[in-house]
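K.L.:
next come a sequence and a model predicted from it.
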Amino acid sequence: QIYGADVAGPVFKSIAQNVLTETPYISEISIAQIEDVLGPTNSDQLELPNFLGMQKDDVRTILKNLDVEFQIKGEGIVTQQSEEAGTPITQIDNLELILS
């Protein structure tokens, strides 16, 4: 026997993961509100985090909020990143992440 959950469950999971990673968490917080707490921000000072060991969904969310062009290859956790952690965001054209 095949139950509806067997068919719909994996499809729903895939859709939900895509929707959640496409929704920026920081969108409702303005830069002014952030600066009130952290002090003035300057995009020239932002540095690339170390993504090694992180899950794909977490990496996507962070990179979309940083407005960095990126490619993700594979599934699982990040094992390689094409730019070193600490590289200024403004110097990154396209970040490639390898997962396994």
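P.N.:
Happy to help now that I have it.
K.L.:
looking at the protein, which helix or strand is least sure?
P.N.:
Counting by mean pLDDT, DSSP states H and E, the weakest-scoring helix or strand in the chain turns out to be helix 31-38, with a mean of 59.
K.L.:
which other helices and strands contact the helix or strand immediately after it in the chain?
P.N.:
Note on helix 31-38: by DSSP states H and E, the next helix or strand toward the C-terminus is helix 56-66. Contact partners of helix 56-66 among helices and strands, from 3 or more C-beta pairs under 8 Å, 6 or more residues apart in numbering; DSSP states H and E: helix 4-22, strand 70-73, strand 95-99. For glycine as for every other residue, the C-beta is placed from the backbone atoms N, C-alpha and C.
K.L.:
low-confidence regions, this structure specifically.
P.N.:
The chain contains residues with pLDDT under 70 at 1-7, 18-44.
K.L.:
the closest residue to Leu95 other than its chain neighbours and Gly76: what is the separation?
P.N.:
Nearest in space to Leu95, with sequence neighbours left out and distances taken as C-beta to C-beta, 6 or more residues apart in numbering, is Phe70 at 4.3 Å. Shown here: Phe70 relative to Gly76, a distance of 16 Å by C-beta to C-beta, to the nearest Å.
K.L.:
do the same with Leu99
P.N.:
5 Å.
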